[in-house]
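1. what's the 3D shape of this:
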Amino acid sequence: MAELNETPSGMRTHIGFFGKVNSGKSSLINAIAGQEVSIVSDKPGTTTDPVRKAVELGSLGACLLIDTAGLDDDTELGTLREEKTWAEALSCDIAVIVMPIGNKHTGIEDKLEEFFKKNKIPIVIVDDINRNDIAGIKAKLIGMSSQIQQATILNGLVSPSDIVMLIMPQDKQAPRGRLILPQVTTLRELLDNHARTVCVPPEEMEAALDMLNLPPKLIITDSQVFDYVYERKPVESMLTSFSVLYAGLKGDIAVYTEGAKAIDSLKPGDRILIAESCSHAPMEEDIGRVKIPALIKKRIGGDIVTEVAAGRDFPKEISGYSLILQCGGCMVNRRQIMNRIDQAIEQGVPITNYGIAIAYLKGILDKIEK
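-> Next up, the predicted model:
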(Lines give C-alpha, C1' and ligand atoms only; values in the text may rest on other atoms or scores of the structure.)
Protein backbone atom coordinates (compact mmCIF):
# COMPACT_ATOMS: atom_id res chain seq x y z
CA MET A 1 0.00 0.00 0.00
CA ALA A 2 1.28 3.48 -0.85
CA GLU A 3 2.58 5.62 2.00
CA LEU A 4 0.37 8.52 3.07
CA ASN A 5 3.04 11.06 2.12
CA GLU A 6 3.44 9.81 -1.45
CA THR A 7 2.12 11.86 -4.36
CA PRO A 8 -0.85 9.98 -5.89
CA SER A 9 -0.18 8.50 -9.33
CA GLY A 10 -2.95 10.63 -10.84
CA MET A 11 -1.10 13.80 -9.81
CA ARG A 12 2.24 12.68 -11.30
CA THR A 13 3.67 13.49 -14.73
CA HIS A 14 3.32 10.29 -16.78
CA ILE A 15 6.43 9.45 -18.84
CA GLY A 16 6.01 6.47 -21.16
CA PHE A 17 8.82 4.53 -22.87
CA PHE A 18 8.01 3.10 -26.30
CA GLY A 19 9.70 1.17 -29.09
CA LYS A 20 10.02 -2.24 -30.69
CA VAL A 21 10.80 -5.33 -28.66
CA ASN A 22 14.34 -5.55 -27.28
CA SER A 23 15.10 -1.90 -28.01
CA GLY A 24 16.37 -1.30 -24.48
CA LYS A 25 13.33 0.39 -22.89
CA SER A 26 13.52 -1.58 -19.65
CA SER A 27 17.27 -1.02 -19.24
CA LEU A 28 16.77 2.71 -19.77
CA ILE A 29 14.00 2.94 -17.17
CA ASN A 30 16.10 1.01 -14.67
CA ALA A 31 19.01 3.42 -15.26
CA ILE A 32 16.81 6.53 -14.85
CA ALA A 33 15.12 5.15 -11.73
CA GLY A 34 18.45 4.00 -10.29
CA GLN A 35 17.04 0.58 -9.47
CA GLU A 36 15.69 -2.53 -11.14
CA VAL A 37 12.12 -1.66 -12.05
CA SER A 38 11.64 -3.87 -15.11
CA ILE A 39 13.07 -7.27 -15.95
CA VAL A 40 15.75 -7.06 -18.64
CA SER A 41 16.10 -9.99 -21.03
CA ASP A 42 17.08 -10.74 -24.62
CA LYS A 43 13.91 -12.82 -24.93
CA PRO A 44 11.22 -10.99 -26.98
CA GLY A 45 8.03 -10.15 -25.09
CA THR A 46 9.63 -9.99 -21.63
CA THR A 47 7.63 -6.87 -20.73
CA THR A 48 3.94 -7.74 -20.96
CA ASP A 49 1.61 -5.41 -19.05
CA PRO A 50 2.87 -1.85 -18.50
CA VAL A 51 5.22 -1.53 -15.51
CA ARG A 52 5.09 1.69 -13.48
CA LYS A 53 7.65 3.28 -11.15
CA ALA A 54 7.18 6.51 -9.16
CA VAL A 55 10.22 8.82 -9.13
CA GLU A 56 11.11 12.48 -8.58
CA LEU A 57 12.75 14.34 -11.49
CA GLY A 58 13.91 17.91 -10.79
CA SER A 59 11.42 20.62 -11.75
CA LEU A 60 9.09 17.98 -13.19
CA GLY A 61 8.61 16.88 -9.61
CA ALA A 62 6.64 13.70 -9.01
CA CYS A 63 6.69 11.48 -12.12
CA LEU A 64 5.55 8.03 -13.13
CA LEU A 65 7.88 6.08 -15.43
CA ILE A 66 5.94 3.59 -17.56
CA ASP A 67 7.62 0.66 -19.30
CA THR A 68 5.45 -0.69 -22.12
CA ALA A 69 5.40 -3.90 -24.10
CA GLY A 70 7.43 -3.65 -27.28
CA LEU A 71 5.67 -3.11 -30.57
CA ASP A 72 6.33 -5.53 -33.42
CA ASP A 73 5.83 -8.36 -30.90
CA ASP A 74 5.31 -11.62 -32.83
CA THR A 75 4.66 -13.73 -29.72
CA GLU A 76 1.28 -15.40 -29.14
CA LEU A 77 -0.07 -12.51 -27.03
CA GLY A 78 1.63 -9.81 -29.07
CA THR A 79 -1.57 -8.25 -30.44
CA LEU A 80 -3.12 -7.85 -27.00
CA ARG A 81 0.11 -6.39 -25.65
CA GLU A 82 0.32 -3.89 -28.49
CA GLU A 83 -3.23 -2.75 -27.81
CA LYS A 84 -2.26 -1.98 -24.21
CA THR A 85 0.84 -0.15 -25.39
CA TRP A 86 -1.13 2.13 -27.75
CA ALA A 87 -3.71 2.79 -25.02
CA GLU A 88 -0.87 3.76 -22.68
CA ALA A 89 0.63 6.01 -25.34
CA LEU A 90 -2.51 8.09 -25.48
CA SER A 91 -2.44 8.81 -21.73
CA CYS A 92 1.21 9.92 -21.42
CA ASP A 93 2.33 13.48 -20.69
CA ILE A 94 5.79 12.83 -22.18
CA ALA A 95 6.82 10.05 -24.58
CA VAL A 96 10.31 8.55 -24.80
CA ILE A 97 10.90 6.74 -28.11
CA VAL A 98 13.74 4.25 -27.75
CA MET A 99 15.45 3.43 -31.02
CA PRO A 100 16.58 -0.17 -31.64
CA ILE A 101 20.20 -0.84 -30.78
CA GLY A 102 22.16 0.06 -33.90
CA ASN A 103 19.52 2.68 -34.78
CA LYS A 104 17.95 0.37 -37.36
CA HIS A 105 14.60 1.94 -38.24
CA THR A 106 11.77 -0.56 -38.44
CA GLY A 107 9.00 1.92 -39.28
CA ILE A 108 7.59 1.58 -35.78
CA GLU A 109 9.61 4.54 -34.55
CA ASP A 110 8.25 6.80 -37.32
CA LYS A 111 4.71 5.62 -36.53
CA LEU A 112 5.20 6.43 -32.85
CA GLU A 113 6.63 9.87 -33.61
CA GLU A 114 3.74 10.69 -35.92
CA PHE A 115 1.24 9.50 -33.29
CA PHE A 116 2.71 11.62 -30.49
CA LYS A 117 3.02 14.73 -32.64
CA LYS A 118 -0.60 14.36 -33.76
CA ASN A 119 -1.71 14.16 -30.12
CA LYS A 120 0.62 17.02 -29.07
CA ILE A 121 2.60 14.87 -26.66
CA PRO A 122 6.22 16.03 -26.12
CA ILE A 123 8.83 13.53 -27.36
CA VAL A 124 12.36 12.56 -26.33
CA ILE A 125 14.27 10.29 -28.74
CA VAL A 126 16.90 7.95 -27.33
CA ASP A 127 19.34 6.42 -29.82
CA ASP A 128 22.83 4.94 -29.76
CA ILE A 129 24.38 8.40 -29.47
CA ASN A 130 22.72 9.34 -26.19
CA ARG A 131 21.62 5.92 -24.91
CA ASN A 132 24.17 5.85 -22.10
CA ASP A 133 23.93 9.56 -21.24
CA ILE A 134 21.40 9.09 -18.45
CA ALA A 135 22.08 12.53 -16.97
CA GLY A 136 21.47 14.10 -20.39
CA ILE A 137 18.22 12.18 -20.89
CA LYS A 138 17.02 13.27 -17.44
CA ALA A 139 17.89 16.86 -18.33
CA LYS A 140 15.83 16.67 -21.52
CA LEU A 141 12.85 15.32 -19.57
CA ILE A 142 13.18 18.00 -16.89
CA GLY A 143 13.46 20.63 -19.63
CA MET A 144 9.94 19.73 -20.75
CA SER A 145 8.38 20.89 -17.48
CA SER A 146 7.16 24.10 -19.17
CA GLN A 147 5.17 22.02 -21.67
CA ILE A 148 3.30 20.12 -18.96
CA GLN A 149 0.14 21.68 -17.60
CA GLN A 150 0.55 22.26 -13.85
CA ALA A 151 -3.09 22.60 -12.87
CA THR A 152 -4.27 23.22 -9.32
CA ILE A 153 -7.33 21.91 -7.56
CA LEU A 154 -8.51 25.25 -6.17
CA ASN A 155 -7.77 27.22 -9.36
CA GLY A 156 -7.51 30.60 -7.64
CA LEU A 157 -10.60 30.25 -5.44
CA VAL A 158 -8.64 30.71 -2.21
CA SER A 159 -6.09 33.26 -0.98
CA PRO A 160 -3.86 33.16 2.12
CA SER A 161 -5.79 33.61 5.41
CA ASP A 162 -9.16 32.81 3.79
CA ILE A 163 -11.43 30.65 5.94
CA VAL A 164 -12.41 27.43 4.16
CA MET A 165 -14.74 24.78 5.55
CA LEU A 166 -14.56 21.17 4.37
CA ILE A 167 -17.70 19.09 4.85
CA MET A 168 -16.57 15.47 4.89
CA PRO A 169 -19.10 12.71 5.58
CA GLN A 170 -17.36 9.50 6.63
CA ASP A 171 -19.51 6.90 4.88
CA LYS A 172 -18.80 3.33 3.81
CA GLN A 173 -16.66 4.52 0.90
CA ALA A 174 -14.20 6.21 3.29
CA PRO A 175 -11.95 3.44 4.69
CA ARG A 176 -11.63 3.44 8.48
CA GLY A 177 -8.71 5.57 9.64
CA ARG A 178 -8.21 7.24 6.22
CA LEU A 179 -9.63 10.02 4.08
CA ILE A 180 -10.53 9.59 0.45
CA LEU A 181 -7.96 10.93 -2.00
CA PRO A 182 -9.84 14.07 -3.21
CA GLN A 183 -10.16 15.20 0.42
CA VAL A 184 -6.46 14.61 1.08
CA THR A 185 -5.20 16.44 -2.02
CA THR A 186 -7.61 19.36 -1.50
CA LEU A 187 -6.56 19.71 2.13
CA ARG A 188 -2.88 19.66 1.15
CA GLU A 189 -3.40 22.47 -1.39
CA LEU A 190 -5.30 24.52 1.20
CA LEU A 191 -2.36 24.15 3.58
CA ASP A 192 0.05 25.18 0.79
CA ASN A 193 -2.13 28.26 0.23
CA HIS A 194 -2.06 29.10 3.96
CA ALA A 195 -5.84 28.99 4.16
CA ARG A 196 -7.49 28.63 7.57
CA THR A 197 -9.24 25.33 7.19
CA VAL A 198 -12.02 23.77 9.28
CA CYS A 199 -12.94 20.11 8.68
CA VAL A 200 -16.26 18.74 9.94
CA PRO A 201 -18.84 16.06 9.13
CA PRO A 202 -22.21 17.37 7.87
CA GLU A 203 -23.94 17.06 11.24
CA GLU A 204 -21.34 19.37 12.85
CA MET A 205 -21.53 22.05 10.15
CA GLU A 206 -23.91 24.46 11.92
CA ALA A 207 -22.07 24.22 15.25
CA ALA A 208 -18.76 24.90 13.48
CA LEU A 209 -20.23 27.94 11.70
CA ASP A 210 -21.40 29.33 15.06
CA MET A 211 -17.83 29.07 16.39
CA LEU A 212 -16.35 31.18 13.59
CA ASN A 213 -16.04 34.96 13.85
CA LEU A 214 -16.46 35.27 10.08
CA PRO A 215 -18.33 33.10 7.56
CA PRO A 216 -16.09 30.88 5.40
CA LYS A 217 -15.12 32.34 2.05
CA LEU A 218 -15.53 28.87 0.54
CA ILE A 219 -17.26 25.67 1.61
CA ILE A 220 -16.17 22.44 -0.08
CA THR A 221 -18.48 19.49 0.45
CA ASP A 222 -18.97 15.94 -0.62
CA SER A 223 -21.38 16.09 -3.56
CA GLN A 224 -23.76 13.63 -1.89
CA VAL A 225 -24.76 16.25 0.70
CA PHE A 226 -24.87 19.22 -1.70
CA ASP A 227 -28.49 20.12 -0.91
CA TYR A 228 -28.03 19.73 2.87
CA VAL A 229 -25.02 22.06 2.89
CA TYR A 230 -26.54 24.56 0.45
CA GLU A 231 -29.60 25.01 2.66
CA ARG A 232 -27.43 25.74 5.74
CA LYS A 233 -24.50 27.73 4.37
CA PRO A 234 -24.09 31.48 4.94
CA VAL A 235 -25.34 33.50 1.97
CA GLU A 236 -21.91 35.08 1.42
CA SER A 237 -20.03 31.75 1.39
CA MET A 238 -19.18 30.21 -1.98
CA LEU A 239 -19.96 26.51 -2.38
CA THR A 240 -18.41 23.69 -4.41
CA SER A 241 -17.57 20.01 -3.98
CA PHE A 242 -14.50 17.81 -4.12
CA SER A 243 -15.83 16.11 -7.24
CA VAL A 244 -16.53 19.42 -8.99
CA LEU A 245 -13.02 20.63 -8.17
CA TYR A 246 -11.62 17.44 -9.67
CA ALA A 247 -13.82 17.95 -12.72
CA GLY A 248 -11.92 21.17 -13.37
CA LEU A 249 -8.55 19.68 -12.48
CA LYS A 250 -8.83 16.56 -14.63
CA GLY A 251 -11.56 17.28 -17.18
CA ASP A 252 -13.54 20.03 -18.92
CA ILE A 253 -16.12 21.84 -16.78
CA ALA A 254 -17.91 23.37 -19.79
CA VAL A 255 -18.38 19.98 -21.46
CA TYR A 256 -19.49 18.37 -18.20
CA THR A 257 -21.99 21.16 -17.51
CA GLU A 258 -23.50 20.86 -20.97
CA GLY A 259 -23.53 17.07 -20.64
CA ALA A 260 -25.53 17.24 -17.40
CA LYS A 261 -28.38 18.92 -19.27
CA ALA A 262 -28.82 15.69 -21.25
CA ILE A 263 -30.24 14.09 -18.11
CA ASP A 264 -33.59 15.71 -18.82
CA SER A 265 -33.64 14.14 -22.28
CA LEU A 266 -33.20 10.59 -20.95
CA LYS A 267 -35.99 8.08 -21.34
CA PRO A 268 -36.69 4.81 -19.50
CA GLY A 269 -34.57 2.05 -21.03
CA ASP A 270 -31.71 4.35 -22.11
CA ARG A 271 -28.17 3.06 -21.61
CA ILE A 272 -25.78 4.99 -19.35
CA LEU A 273 -22.07 4.25 -18.99
CA ILE A 274 -20.61 4.66 -15.49
CA ALA A 275 -16.94 5.45 -16.16
CA GLU A 276 -14.79 4.78 -13.11
CA SER A 277 -11.05 5.45 -13.21
CA CYS A 278 -10.07 3.05 -10.47
CA SER A 279 -10.93 -0.56 -9.73
CA HIS A 280 -12.74 -0.97 -6.43
CA ALA A 281 -15.19 -3.38 -4.90
CA PRO A 282 -18.61 -1.71 -5.32
CA MET A 283 -20.23 -0.60 -2.07
CA GLU A 284 -23.87 -1.06 -1.20
CA GLU A 285 -24.42 2.70 -1.51
CA ASP A 286 -21.87 3.36 -4.29
CA ILE A 287 -22.28 6.92 -5.55
CA GLY A 288 -21.68 6.16 -9.23
CA ARG A 289 -23.29 2.75 -9.55
CA VAL A 290 -26.21 3.23 -7.15
CA LYS A 291 -26.94 6.75 -5.89
CA ILE A 292 -26.72 8.81 -9.09
CA PRO A 293 -28.64 6.23 -11.20
CA ALA A 294 -31.34 6.23 -8.48
CA LEU A 295 -31.62 10.03 -8.71
CA ILE A 296 -31.88 9.81 -12.50
CA LYS A 297 -34.55 7.10 -12.35
CA LYS A 298 -36.58 9.26 -9.97
CA ARG A 299 -36.13 12.26 -12.27
CA ILE A 300 -37.28 10.53 -15.49
CA GLY A 301 -39.85 8.24 -13.87
CA GLY A 302 -38.50 4.91 -15.05
CA ASP A 303 -35.59 2.49 -15.11
CA ILE A 304 -32.37 3.02 -17.03
CA VAL A 305 -29.72 0.50 -18.07
CA THR A 306 -26.35 1.14 -16.43
CA GLU A 307 -23.05 -0.43 -17.47
CA VAL A 308 -19.68 0.06 -15.77
CA ALA A 309 -16.21 0.62 -17.24
CA ALA A 310 -13.73 0.35 -14.37
CA GLY A 311 -10.04 1.18 -14.09
CA ARG A 312 -8.30 1.90 -17.38
CA ASP A 313 -10.96 0.06 -19.40
CA PHE A 314 -13.11 2.26 -21.61
CA PRO A 315 -15.08 1.09 -24.66
CA LYS A 316 -13.89 2.21 -28.10
CA GLU A 317 -17.48 2.28 -29.31
CA ILE A 318 -19.73 4.41 -27.07
CA SER A 319 -22.28 5.79 -29.52
CA GLY A 320 -24.96 3.45 -28.15
CA TYR A 321 -25.00 5.22 -24.79
CA SER A 322 -27.28 8.16 -24.02
CA LEU A 323 -24.99 9.54 -21.30
CA ILE A 324 -21.57 8.93 -19.75
CA LEU A 325 -21.09 9.57 -16.04
CA GLN A 326 -17.36 10.04 -15.35
CA CYS A 327 -15.96 9.85 -11.83
CA GLY A 328 -13.62 12.55 -10.51
CA GLY A 329 -10.58 10.72 -11.91
CA CYS A 330 -8.41 11.12 -8.83
CA MET A 331 -6.40 7.97 -9.66
CA VAL A 332 -5.47 8.91 -13.25
CA ASN A 333 -3.90 11.90 -14.99
CA ARG A 334 -5.79 14.61 -16.86
CA ARG A 335 -4.78 13.39 -20.31
CA GLN A 336 -6.56 10.06 -19.79
CA ILE A 337 -9.80 11.79 -18.75
CA MET A 338 -9.53 14.27 -21.63
CA ASN A 339 -9.13 11.36 -24.06
CA ARG A 340 -12.47 10.03 -22.86
CA ILE A 341 -14.07 13.45 -23.20
CA ASP A 342 -12.68 13.86 -26.74
CA GLN A 343 -13.97 10.40 -27.65
CA ALA A 344 -17.43 11.25 -26.30
CA ILE A 345 -17.53 14.50 -28.28
CA GLU A 346 -16.37 12.72 -31.44
CA GLN A 347 -19.07 10.06 -31.12
CA GLY A 348 -21.78 12.54 -30.09
CA VAL A 349 -22.40 11.22 -26.57
CA PRO A 350 -23.07 13.63 -23.67
CA ILE A 351 -20.57 13.22 -20.83
CA THR A 352 -20.68 14.66 -17.32
CA ASN A 353 -19.00 14.23 -13.96
CA TYR A 354 -20.41 12.78 -10.72
CA GLY A 355 -20.37 16.10 -8.84
CA ILE A 356 -21.71 18.14 -11.76
CA ALA A 357 -24.51 15.61 -12.29
CA ILE A 358 -25.54 15.66 -8.63
CA ALA A 359 -25.54 19.47 -8.52
CA TYR A 360 -27.73 19.51 -11.64
CA LEU A 361 -30.12 16.92 -10.23
CA LYS A 362 -30.33 18.90 -6.97
CA GLY A 363 -31.09 22.10 -8.90
CA ILE A 364 -28.04 24.04 -7.66
CA LEU A 365 -25.56 23.70 -10.54
CA ASP A 366 -25.87 27.42 -11.37
CA LYS A 367 -25.30 28.35 -7.71
CA ILE A 368 -21.95 26.64 -7.09
CA GLU A 369 -18.35 27.50 -7.98
CA LYS A 370 -17.01 25.56 -10.98
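2. residue boundaries of the strands in the stretch 201-350 of the chain?
-> Secondary structure of the stretch 201-350 of the chain (DSSP state E, counting those that start in this stretch): strands at 218-221, 238-241, 271-275, 305-309, 323-326.
3. Low-confidence ranges, the stretch 1-150 of the chain, go.
-> The stretch 1-150 of the chain contains residues with pLDDT under 70 at 1-6, 37-49, 73-78, 149-150.
4. What segments of it are helices?
-> With DSSP state H, counting those that start in this stretch as the criterion, the stretch 1-150 of the chain has helices at 25-33, 78-90, 108-118, 134-142.
5. hang on, the earlier thing: the strands of the stretch 201-350 of the chain: which one's closest to Gly363?
-> strand 238-241 (13.3 Å; Cβ to Cβ). All C-beta spots, glycine's among them, are computed from the backbone N, C-alpha and C.
6. which residues are contacting the closest one?
-> For strand 238-241, contacts defined as Cβ atoms under 8 Å, 6 or more residues apart in numbering pick out 157, 217-223, 226, 229-230, 233, 355, 358-359, 364, 367-370.
7. Could you give me the PyMOL syntax to select whichever of these are buried?
-> Buried subset of the contacts of strand 238-241, written as a PyMOL selection, criterion 16 or more other Cβ atoms under 10 Å:
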select buried, resi 157+217+218+219+220+221+222+223+226+229+230+233+355+358+359+364+368+369+370
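8. and among the helices of the stretch 1-150 of the chain, the most buried is which?
-> helix 25-33 (a mean of 21; mean count of other Cβ atoms under 10 Å).
9. What helices and strands are in contact with that one?
-> Counting contacts by 3 or more Cβ pairs under 8 Å, 6 or more residues apart in numbering; DSSP states H and E, helix 25-33 is packed against strand 13-18, strand 51-57, strand 61-67, strand 94-98, helix 134-142.
10. If we use 6 Å, what do you get?
-> Helix 25-33 is packed against strand 61-67, with contacts defined by 3 or more Cβ pairs under 6 Å, 6 or more residues apart in numbering; DSSP states H and E.
11. What segments of the stretch 201-350 of the chain are helices?
-> 205-211, 226-232, 242-250, 253-260, 292-300, 334-346.
12. As JSON lines, the ones you listed with distance to Val21 and mean pLDDT would be great.
-> Formatted as JSON lines, the helices of the stretch 201-350 of the chain follow (distance: least, Cβ to Cβ, whole Å; pLDDT from 0 to 100):
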{"stretch": "helix 205-211", "distance to Val21": "57", "mean pLDDT": "97"}
{"stretch": "helix 226-232", "distance to Val21": "51", "mean pLDDT": "95"}
{"stretch": "helix 242-250", "distance to Val21": "33", "mean pLDDT": "92"}
{"stretch": "helix 253-260", "distance to Val21": "38", "mean pLDDT": "96"}
{"stretch": "helix 292-300", "distance to Val21": "44", "mean pLDDT": "95"}
{"stretch": "helix 334-346", "distance to Val21": "25", "mean pLDDT": "94"}
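13. among those, which is nearest Asn30?
-> helix 334-346 (24.9 Å).
14. what element comes up after that closest one heading to the C-terminus?
-> Going down the chain from helix 334-346, the next helix or strand is strand 351-353, by DSSP states H and E.
15. and that next one, how far out from the chain's middle?
-> Put simply, strand 351-353 sits 14 Å off its chain's centre (Cα atoms, centre = their mean, to the nearest Å).
16. Can you pull out the residues in contact with it?
-> Residues outside strand 351-353 that contact it (Cβ atoms under 6 Å, 6 or more residues apart in numbering): 247, 256, 259-260, 324, 326, 341, 344.
17. closest to Ile129 among those?
-> Closest approach to Ile129 among the contacts of strand 351-353 (Cβ to Cβ): Ile341, at 38.9 Å.
18. Contact partners for the closest one?
-> By Cβ under 6 Å, 6+ apart, the contact set of Ile341 is 251-252, 255, 351.
19. ok, now how distant is it from Lys120?
-> Per Cβ to Cβ, to the nearest Å, Ile341 is found 15 Å from Lys120.
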